[in-house]
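Asker: Sequence and computational prediction follow.
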Amino acid sequence: MDRRDFLSALAAAPLLSHPSLVDLVRGASRAGTPADMGLQTGVDEAYALVLGTVQDAGFPQVGCYTDRCDQGRALHSRGQGRFVSSLAVVQPAAERFYLVDATPDITRQLDLIALAPFRRRAAQRRPFDGIFLTHAHIGHYLGLALLGNEGLGIRDTPVYCTEAMVDFLSSNQPWQYLAQQGRIVWHPLALDHWHRIDEHLEVQLWKVPHRDEFADTVGFVFRGPSASLLFLPDINSWGAWDRNVSHAVASVDVALLDASFWSLEELPGRSMDDLPHPLIPQTMDALQAVVDRGDARVILTHLNNSNPALDDNGPERREITRRGFEVAREGMRIPL
């Protein structure tokens, strides 16, 4: 059974309800065989843990009472809620933990890191060895506030981002105050260079075109002991990028990419000019050859509350699966 047939069979199966089982459904690897799927990592192996998969304002979104948003409320009531797009990078053997984007859902998202060493470190107010920030839109950094004086009260935690992002945060409250208190420590990183974070993790920052009202926007390429991962939750369009998207994605093992919208008809009363993102069919068209060749595993994330691909049993999800792509889900583990 090849990878596309395997994913199609999963899509036709009944939806599993437990978050750890959802991981099994969503986690098919490029190889496409059960022994090779990367669905479970070894006890000591590094991995990225998906903490959130939806757009900045969450699912359901504020003031949204559509049927789809009501479905989002039902998921939360069953303990299967979707959270704002985010990752954790976990190194179990070294007991190291990194956060990738600090969202408004951070309280519930940290519950997904169900490891005793992490919870012990949280009790000591040092849960993370570092925090990576992609850009200055609300879903990607507002969670820092809950790590400060009125919340967890973290100490001496590196924040990795661009120089422009540091300039923005350090010039505005309460982020400036977090640094003044010694809760976070700015670590600006240059673009397009490998940066050694620890002996098991390297990162590279790729600048992407986005609505850069306050700072700039990057995607992160994480390289662990066994695999590489591109996390790129926001971009205006693939055509506006100074990289060839198929080449960029084929250079990594796994890519989590912006999938905010399925079609232009999703936002009555709003202009897509205000919220530019590539549409999911455009992304699949651009990367179909990459997926067909097995050059990279492509996982869609950062879905807007209007996106029909949020419906697990809908035709859009079946089309995504048929074409060999995946939709991220909270609790998914990706080996690094």
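Answerer: Perfect, thanks for sending it.

Asker: which residues of this structure score low on pLDDT?
Answerer: Within the chain, the stretches with pLDDT under 70 are 1-43, 270-275.

Asker: Swap in 80 and give it another go.
Answerer: Counting by pLDDT under 80, the chain contains low-confidence residues at 1-43, 212, 266-275.

Asker: hey, where'd the strands end up in it?
Answerer: 47-52, 86-91, 96-100, 130-132, 157-161, 184-188, 195-198, 201-207, 218-223, 228-232, 254-258, 297-301, 326-327, 333-335 (DSSP state E).

Asker: how about a markdown table for these, with distance to residue 277 added?
Answerer: Glycine gets a C-beta too; all of them are placed from N, C-alpha and C. Formatted as a markdown table, the strands of the chain follow (distance: least, CB to CB, whole Å):
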| stretch | distance to residue 277 |
| --- | --- |
| strand 47-52 | 17 |
| strand 86-91 | 18 |
| strand 96-100 | 19 |
| strand 130-132 | 21 |
| strand 157-161 | 21 |
| strand 184-188 | 26 |
| strand 195-198 | 27 |
| strand 201-207 | 17 |
| strand 218-223 | 14 |
| strand 228-232 | 11 |
| strand 254-258 | 6 |
| strand 297-301 | 11 |
| strand 326-327 | 15 |
| strand 333-335 | 22 |
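
Asker: Could you report the distance from the residue positioned nearest the centre of the chain to residue 58?
Answerer: In the chain, the C-alpha nearest the mean C-alpha coordinate belongs to residue 86, at 4.0 Å (CA atoms, centre = their mean). Using CB to CB, to the nearest Å, we find residue 86 at a distance of 12 Å from residue 58.

Asker: What is the neighbour count of residue 179?
Answerer: Neighbours of residue 179 under the rule other CB atoms under 10 Å: 16.

Asker: Also residue 219?
Answerer: 25.

Asker: okay, and the common contacts of residue 86 and residue 58?
Answerer: Counting by CB atoms under 8 Å, 6 or more residues apart in numbering, the contacts common to residue 86 and residue 58 are residue 105.

Asker: Bridged to the residue lying closest to residue 118 once chain neighbours are set aside, which residues?
Answerer: Spatial nearest neighbour of residue 118, chain neighbours left out: residue 97 (5.4 Å); criterion: CB to CB, 6 or more residues apart in numbering. Counting by DSSP bridges, residue 97 forms beta bridges with residue 90.

Asker: Name all residues that make contact with residue 97.
Answerer: Per CB under 8 Å, 6+ apart, neighbours of residue 97: 88-91, 113, 118, 121, 127-129.

Asker: all helices in the stretch 201-336 of the chain, in order from the N-terminus.
Answerer: For the stretch 201-336 of the chain, the helices defined by DSSP state H, counting those that start in this stretch occupy 245-250, 280-293, 315-322.

Asker: Check whether residue 307 really touches residue 258, as I assumed.
Answerer: No - between residue 307 and residue 258 there is no contact under CB atoms under 8 Å: 11.4 Å.

Asker: on that earlier part again, tell me if I'm right that the residue nearest to the centre of the chain and residue 52 touch.
Answerer: Yes - shown here, residue 86 and residue 52 form a contact pair, counting by CB under 8 Å, at 4.2 Å.

Asker: anything in contact with each of these two?
Answerer: Counting by CB under 8 Å, 6+ apart, the contacts common to residue 86 and residue 52 are 103, 105, 109.

Asker: which of the residues you listed has the most neighbours?
Answerer: Within these, most neighbours by other CB under 10 Å means residue 103, with 26 neighbours.

Asker: do you know how far that residue is from residue 302?
Answerer: Distance of residue 103 to residue 302, given as CB to CB: 11 Å.
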